[in-house]
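Undergrad: Quick one: sequence and predicted model below, then my questions.
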Amino acid sequence: MNLLQPPAPITPLGDKAQTDRTYKRLRLQVFVGVFAGYAAYYLVRKNFTLAMPYLIEAGFTKDELGWVFAFNGIAYGLSKFLMGGVSDRSNARYFLPLGLTLSALATALAGTQAGMYNLAVMAVFQFLAGWFGGMGWPPCGRVMTHWFSVRERGTKMAVWNLAHNVGGSLLGQVIKWGVTLSASLALSSLAWRFGVFYFPALIALLIALIAFLLIRDNPQSQGLPSIEEYRNDYPENYSEESEKTLSTKDIFFKYVLNNRTLWLVATANAFVYFIRYGVQDWAPTYFTEVKGFTQAEISNAYSFYELAAIPGTLLCGWVSDRLFHGRRSITTILFMLPVLLSILVYWLNPYGKMVDIVAFVAIGFFIYGPVMLIGVHALDLAPKNAAGTSAGLTGFFGYFIGTSLLANIVMGRVIQSVGWAGSFRLLLASCVITVILMALTERRSPAIS
């Protein structure tokens, strides 16, 4: 823990021109560091899903593997909240690479012969991969709040949030390179395990080193003023107290668990994640059983869905900062209304596959903005040194409640019991609930930003 302690402030540089040059250089440097570092977390997070076809061939059932992978999501949600508290009292330069290194090691061990063919051992490694994976977002949130002020944070966070799209899309290519490399090295007996587990882990370890070299925890430790002073961008109720490292008790009980607005935002996030994964995870089955899509058509729809998330997220961040001047609630509501309309078309469309695809892609375009912006909203609702825990609470609600419980268990049970119509009614109701919850937060000002 002494190693992880946040760095102390050093003597200010003094010279205004030097301060400006250093600030501009380090802002870009740390942004690249957290972008690359967080993207690398997605190289070692969901590798198990890509191993499932091989494990099914080995005799495991889909139900067994589904339960094993559930440990990954549960651990991720818990870690994002609990390890967020540790992150808020840690040096992000060490904390982010540490979590990435441990994630890489857990993924590599999960690909060993011993880790692949016993359900209990698989579940343990998936829990560890999820837990260490949950260490990625909190230090990034800490860095972003220290180096980017509140009026620019929506746009900058929107760009940074694309890291998970970049990392997720690169995983398939990294696996292909790994399989090719294993063949060239005459490792045919390890071909798929080397490609799925070992090679992505090696790449993640390399990026962990790069992230360590680039990231700096906060401006004051580099002889610079706070970002609020540098940009003359002071949020409401800002004080010098927000620059101090807080006790664990204050982080959890004073600024997070007692923050009613944050609980509203976290609850809204559960429904946003339910919509995100309730649509995304069940789309292949829905397209096949109801819409008559081929596998190629489903793959194309999925690609367009992910690509649409990129401009949608960027637009949402820009609208939040430029049009509504940091009012995250209004922007979230504005994006949730077309999500509701798109789900209606996706469900009731009688005009053929093209409209189905357009509606599905529209959901991806509009839903990823609120996914990103609720995390930014959480950062705005707490002091900078409680940012990881604040965002971690919304992440816990999103992954544990919204994804594992609602999108996976409840959605599957409803589809099985009452059919697709019941599942779509749940999705539409979730849109309405999200809008109501975000409207309730609109007049509540952050305690400290």
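TA: Received, thanks.
Undergrad: Can you list the buried residues in stretch 18-36?
TA: By 16 or more other C-beta atoms under 10 Å, the buried positions in stretch 18-36 come out as 19, 22, 23, 26, 27, 30, 31, 33, 34, 35, 36. Quick note: C-beta positions are derived from backbone N, CA and C, even for glycine.
Undergrad: Ok, stretch 397-410 next?
TA: So stretch 397-410, judged by 16+ other C-beta under 10 Å, has buried residues 397-408, 410.
Undergrad: mind giving me TSV with those and columns for distance to residue 77?
TA: Below are the buried residues of stretch 397-410 laid out as TSV (distance: C-beta to C-beta, whole Å):
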residue	distance to residue 77
397	8
398	7
399	3
400	4
401	8
402	9
403	8
404	7
405	10
406	12
407	12
408	12
410	16
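Undergrad: Name the nearest of those relative to residue 4.
TA: residue 399 (24.1 Å; C-beta to C-beta).
Undergrad: all helices of the stretch 51-200 of the chain, in order?
TA: Ranges of helices within the stretch 51-200 of the chain are 62-87, 92-110, 113-116, 119-133, 137-147, 150-161, 163-184, 191-193, 199-214, based on DSSP state H, counting those that start in this stretch.
Undergrad: mean confidence score for the longest one?
TA: So that's helix 62-87. For helix 62-87, mean pLDDT is 81.
Undergrad: what angle separates it from helix 137-147?
TA: Interaxial angle, helix 62-87 versus helix 137-147 (axes from the mean of the first three to the mean of the last three C-alpha atoms, to 10 degrees): 40 degrees.
Undergrad: Can you list the helices and strands that helix 62-87 packs against?
TA: helix 47-57, helix 92-110, helix 119-133, helix 137-147, helix 387-396 (3 or more C-beta pairs under 8 Å, 6 or more residues apart in numbering; DSSP states H and E).
Undergrad: Residue 375 is nearest to which of those helices?
TA: Of all the helices and strands packed on helix 62-87, helix 387-396 sits nearest to residue 375, with 5.2 Å by C-beta to C-beta.
Undergrad: Just give me how far the closest one sits from the chain centre.
TA: Helix 387-396 has its C-alpha centroid displaced from the chain centroid by 11 Å (C-alpha atoms, centre = their mean, to the nearest Å).
Undergrad: next one: the next helix or strand after that helix to chain centre, how far?
TA: With elements assigned by DSSP states H and E, the helix or strand that comes after helix 387-396 is helix 411-418. Relative to its chain's centre, helix 411-418 lies at 27 Å (C-alpha atoms, centre = their mean).
Undergrad: Then stretch 410-428?
TA: Centroid separation for stretch 410-428 versus its chain: 26 Å, with C-alpha atoms, centre = their mean.
Undergrad: what does stretch 227-236 give?
TA: 27 Å.
Undergrad: What of stretch 270-286?
TA: The mean C-alpha position of stretch 270-286 is separated from the chain mean by 15 Å, C-alpha atoms, centre = their mean.
Undergrad: from memory residue 92 sits against residue 211, does it?
TA: No - using C-beta atoms under 8 Å as the test, residue 92 is too far from residue 211 to be in contact (9.6 Å).
Undergrad: what's the longest helix in this protein?
TA: Longest helix in the chain by number of residues (criterion: DSSP state H): helix 353-380.
Undergrad: What is it packed up against?
TA: Right, helix 353-380 is packed against helix 137-147, helix 150-161, helix 260-280, helix 295-318, helix 328-348, helix 387-396 by 3+ C-beta pairs under 8 Å, 6+ apart.
Undergrad: list the buried ones in stretch 407-421?
TA: The neighbour-count check on stretch 407-421 (16+ other C-beta under 10 Å) flags 407, 408, 410, 411, 412, 414, 415 as buried.
Undergrad: Make TSV from these and add pLDDT and distance to residue 353 to it.
TA: Output for the buried residues of stretch 407-421, formatted as TSV (pLDDT from 0 to 100; distance: C-beta to C-beta, whole Å):
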residue	pLDDT	distance to residue 353
407	82	24
408	75	27
410	84	28
411	83	23
412	80	25
414	87	25
415	85	21
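Undergrad: For residue 26, give its distance to residue 157.
TA: Here residue 26 is placed at a distance of 18 Å from residue 157 (C-beta to C-beta, to the nearest Å).
Undergrad: buried sites along the helix or strand hosting residue 229?
TA: Here residue 229 sits within helix 227-231, counting by DSSP H and E. Going by neighbour count (16+ other C-beta under 10 Å), the buried part of helix 227-231 is 227, 228, 230.
Undergrad: ok, so of those, who is nearest residue 60?
TA: Set against residue 60, the nearest of these by C-beta to C-beta is residue 227 (50.1 Å).
Undergrad: and which of the buried residues of stretch 397-410 is nearest to residue 278?
TA: The nearest member of these to residue 278, counting by C-beta to C-beta, is residue 407 at 4.4 Å.
Undergrad: quick one: the closest residue in space to the closest one that isn't next to it in sequence and residue 402, what's the gap?
TA: Nearest residue to residue 407, sequence neighbours excluded (C-beta to C-beta, 6 or more residues apart in numbering): residue 277, at 3.8 Å. Relative to residue 402, residue 277 is positioned 7 Å away (C-beta to C-beta).
Undergrad: For the nearest residue to residue 105 once chain neighbours are set aside, give me the pLDDT.
TA: Among residues not flanking residue 105 along the chain, residue 201 sits closest, at 7.2 Å (C-beta to C-beta, 6+ apart). On the pLDDT scale, residue 201 is placed at 95.
Undergrad: Kindly reformat the helices of the stretch 51-200 of the chain as TSV containing distance to residue 222 and mean neighbour count.
TA: Formatted as TSV, those follow (distance: least, C-beta to C-beta, whole Å; neighbours: other C-beta atoms under 10 Å):
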stretch	distance to residue 222	mean neighbour count
helix 62-87	19	21
helix 92-110	11	24
helix 113-116	42	14
helix 119-133	28	21
helix 137-147	10	28
helix 150-161	18	22
helix 163-184	23	17
helix 191-193	43	18
helix 199-214	13	20
